[in-house]
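K.L.:
turn this into a structure:
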Amino acid sequence: MFPTDLEFPVRRPKREAALVVGIELLAIVLAVPLFVVFTLSELPVAWKIASIPAMAIIFPIALPLVLLYWKYRPAELGLRFNAMSWVFLPILLITMGTAYLSAPADFTLGRLLASEGLLGALITGFITAGLSEEFVRMALQTRVGAYLRNPAVGWFFATLLWAFLHAPNWYAKGGDLYEALMGAVRIIPLGLMWGFITHRTKSLIPATLVHGTNVWGLQNF
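P.N.:
From the prediction side, this is the model:
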């Protein structure tokens, strides 16, 4: 209803695609020792300090810093409102209603608020998960899509890589490799939906809001 002329500029597709893919593959490699082999919270203080550079790669801190260093403005990286930003609301209502009607036992909002409180739930939903993960997927799908001259391949590849970035942490928590991998497979449809929202709106805001409020087990269908 509200088409936009905005785009995500990619000035050097080959270099930027190599950077983003390389950082995210490295994030998977680094997550194995930090989450699977060792328990980060139980490491000595000196080891925790030494792991800060690795954590900056696993949690997307290094990537936006590099892109900002390359003179990208925040708006060019998706931190902008436009006429399509409102689209998160009907999508949110549809997914929330569908999840509640289909799997009310997995409607996890109450458990999340009970375990983390309102502030913790907001930080976890919108910052730790929503904004950081949507930024990674945006960077992947726009850079890979620009390099291959095929936005659809970039979109799908970005979602696959994003999904399997979760596997090391899930394996560390559950100890079941099959379930960790299947958990990654189960979130691929969500990632495709959120990635398309970003592609369509040329903004991180709508997908971040939908992602940040995904607390009702939609991925558990």
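K.L.:
what about the helices in this structure?
P.N.:
13-31, 45-50, 52-58, 62-69, 88-102, 109-122, 132-148, 151-164, 167-174, 177-186, 188-201, 205-212 (DSSP state H).
K.L.:
ranking those helices by burial, who's on top?
P.N.:
Of the helices of the chain, the one with the most neighbours on average (mean count of other C-beta atoms under 10 Å) is helix 205-212, at a mean of 25. Quick note: C-beta positions are derived from backbone N, CA and C, even for glycine.
K.L.:
for it, packing partners?
P.N.:
Judged by 3 or more C-beta pairs under 8 Å, 6 or more residues apart in numbering; DSSP states H and E, the packing partners of helix 205-212 are helix 88-102, helix 132-148, helix 188-201.
K.L.:
quick one: contacts for the residue most central in space within the chain?
P.N.:
Centroid-nearest residue in the chain: E133, 1.9 Å away (criterion: C-alpha atoms, centre = their mean). Contact partners of E133, counting by C-beta atoms under 8 Å, 6 or more residues apart in numbering, are P60, W162, H211.
K.L.:
quick revisit: let me have the helices and strands packed on helix 205-212 in a markdown table, adding distance to I49 as columns.
P.N.:
Shown next, in a markdown table, are the helices and strands packed on helix 205-212 (distance: least, C-beta to C-beta, whole Å):
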| stretch | distance to I49 |
| --- | --- |
| helix 88-102 | 38 |
| helix 132-148 | 22 |
| helix 188-201 | 33 |
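K.L.:
between those helices, which gets nearest to K71?
P.N.:
For the helices and strands packed on helix 205-212, proximity to K71 was assessed by C-beta to C-beta; helix 132-148 is nearest, at 15.3 Å.
K.L.:
could I get the helices and strands packed on helix 205-212 as TSV with distance to P44 and mean pLDDT?
P.N.:
Shown next, in TSV, are the helices and strands packed on helix 205-212 (distance: least, C-beta to C-beta, whole Å; pLDDT from 0 to 100):
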stretch	distance to P44	mean pLDDT
helix 88-102	42	81
helix 132-148	27	95
helix 188-201	36	92
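K.L.:
among the ones you listed, which is nearest T39?
P.N.:
Short answer: helix 132-148, nearest of these by C-beta to C-beta, at 21.8 Å.
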